[in-house]
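*Asks:* Sequence and computational prediction follow.
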Amino acid sequence: MDRASFYEQVYQVVALIPKGRVTSYGAIAQYLGTKSSSRMVGYAMNGAVNNHPKIPAHRVVNRNGLLTGKFHFAYPAQMEELLAKEGIKVTNDQIIDFKKYYWDPNLELDLNR
DNA sequence: TCACTGACGGGTG
DNA sequence: CCACCCGCCAGTG
């Protein structure tokens, strides 16, 4: 686990998010054991878009289900479009029924870890 | 080298 | 319920 860099670990988790589901930066940080460094997760995502284009960064939002990182995509509306494509409705940068789509790695991956 | 800046989150008043 | 503050730590000027 400590072999891979923090960023690599973040990418791993994000890559495992099921289609049509979302999670939060904090949840990932918590899963990696650095819950206080949720900021770094978001920071890592910034690099993900450039270094790992296939990472579904649009499935990661803040704990309110708000698309705070939309401005980091090719174009702001892309994040919303990608989510809508997976069946997740977004209004005014806010995911509808966020809890319903929420996917917590601590709960979903713990068993398979 | 120092200071500032964040795709965040929890705690406090 | 809202506003503000602090911790976290890599990258940038």
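*Replies:* Structure received. None of the values given here were measured: they were computed from a predicted structure.
*Asks:* C-alpha only now, for contacts and for neighbours.
*Replies:* Will do.
*Asks:* and residue A:26, how far is that from DNA strand C?
*Replies:* Separation of residue A:26 from DNA strand C (CA to the nearest atom of the strand, to the nearest Å) stands at 9 Å.
*Asks:* Count the residues that sit near the closest residue to that residue other than its chain neighbours.
*Replies:* Counting by CA to CA, 6 or more residues apart in numbering, residue A:38 is the residue found nearest to residue A:26 once chain neighbours are left out, at 4.8 Å. Residue A:38: 19 surrounding residues under other CA atoms under 10 Å.
*Asks:* Helices of chain A, residue ranges please.
*Replies:* Counting by DSSP state H, chain A has helices at residues A:6-15, A:25-31, A:38-51, A:77-85, A:98-101, A:105-108.
*Asks:* Tabulate these (a markdown table), appending mean pLDDT.
*Replies:* Formatted as a markdown table, those follow (pLDDT from 0 to 100):
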| stretch | mean pLDDT |
| --- | --- |
| helix A:6-15 | 93 |
| helix A:25-31 | 95 |
| helix A:38-51 | 92 |
| helix A:77-85 | 96 |
| helix A:98-101 | 95 |
| helix A:105-108 | 92 |
